[in-house]
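[1] My questions are about this predicted structure, shown below with the sequence.
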Amino acid sequence: MQVKRIVMGLTLGLVWIAGAGAAGFETRAASPAPELKAHDLTGASRTLADYRGKVVLLNFWATWCPPCQREMPSLERLRTKMAGRPLEIVAISSAETPDEVNAYLSKMKLGFPVLLDTDSSNTRRWKVFALPTTFVLDAQGRVRHVLTGPAEWDEGEALAVAESMLAELPAPVKQAK
């Protein structure tokens with residue numbers, strides 16, 4: 001298992017260095033997202049229905065993946081920048097144990113949900129072939145954009161995609177006093 005992780009990490013690192021992350025977002029016709037069944041670090045069961053009504057950045061990653069490690073701080077900055085807006089960042093740790101994820105999170109504090117995909121069933125169902133891979137879902141839970149590779153989520157094209165998805169949501173209704 002460790003050799004497999006090293007080989008995958010090296011491969012992903014080379015892909016990242018070669019500029020795969022710069023290829024940009026794949027925009028898709030709105031299509032229903034695959035099923036998501038995972039547990040958070042407290043053991044609570046989570047599905048996409050938990051995030052309905054919000055734009056969701058569903059990020060498949062692993063603690064041993066160097067491009068994933070570099071990307072996490074920008075996801076946290078985006079979360080902070082978008083506080084109070086209907087955007088949910090959800091990280092899915094692929095093929096790792098709770099202990100591995102908790103060890104990473106003890107060094108990298110993240111304010112968004114981290115879900116576990118210990119058996120990689122979600123990774124396979126979502127057809128994730130490289131880490132990181134991020135799916136951008138609209139408020140109805142439909143896949144609208146996919147990015148294979150890392151991004152700086154709080155700037156440039158990635159921020160523009162998040163902002164454009166939020167702009168599609170109806171304006172909040174102000175309550176009369």
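    That came in fine, so what should we check first?
[2] Does L78 belong to a helix, a strand or coil?
    helix (DSSP: H, G, I helix; E, B strand; the rest coil).
[3] how about the strands in the protein?
    In the chain, the segments counted as strands under DSSP state E are 26-32, 38-40, 45-46, 55-61, 87-94, 114-117, 133-137, 142-148.
[4] Those: which one's closest to T80?
    For T80, the closest of the strands of the chain is strand 87-94, at 10.4 Å, according to CB to CB. Quick note: C-beta positions are derived from backbone N, CA and C, even for glycine.
[5] helices or strands next to that closest one in the packing?
    strand 55-61, helix 66-81, strand 114-117, helix 121-125, helix 156-167 (3 or more CB pairs under 8 Å, 6 or more residues apart in numbering; DSSP states H and E).
[6] So what touches that strand?
    Here strand 87-94 makes contact (CB atoms under 8 Å, 6 or more residues apart in numbering) with 36, 38, 46, 51, 54-63, 72, 75, 78-79, 100-101, 110, 112-117, 120, 122-123, 128, 131, 162, 165-166.
[7] Run me through the strand neighbours of it, direction for each.
    With DSSP bridges as the test, strand 87-94 is paired with strand 55-61 (parallel), strand 114-117 (parallel).
[8] deepest of those, which one?
    strand 55-61 (a mean of 26; mean count of other CB atoms under 10 Å).
[9] the inter-axis angle of that strand versus strand 142-148?
    Here the directions of strand 55-61 and strand 142-148 differ by 40 degrees (axes from the mean of the first three to the mean of the last three CA atoms, to 10 degrees).
[10] hey, which of the helices and strands packed on strand 87-94 is tucked in deepest?
    strand 55-61 (a mean of 26).
[11] Centre-most residue in the chain?
    Nearest to the geometric centre of the chain sits N59, at 1.5 Å (CA atoms, centre = their mean).
[12] correct me, but that one touches L131?
    No: using CB atoms under 8 Å, N59 is not in contact with L131, being 9.3 Å away.
[13] Please work out how many residues are found near A91.
    24 (other CB atoms under 10 Å).
[14] Got the confidence number for it?
    Confidence at A91, expressed as pLDDT, is 98.
[15] Distance check, it against A167.
    Using CB to CB, to the nearest Å, we find A91 at a distance of 24 Å from A167.
[16] Ok, R142 next?
    Distance from R142 to A167, counting by CB to CB: 16 Å.
[17] Please apply the same query to W126.
    Distance, W126 to A167, using CB to CB: 25 Å.
[18] what's the closest of the strands paired with strand 87-94 to F135?
    For those, distance to F135 was read as CB to CB. The smallest value, 4.5 Å, belongs to strand 55-61.
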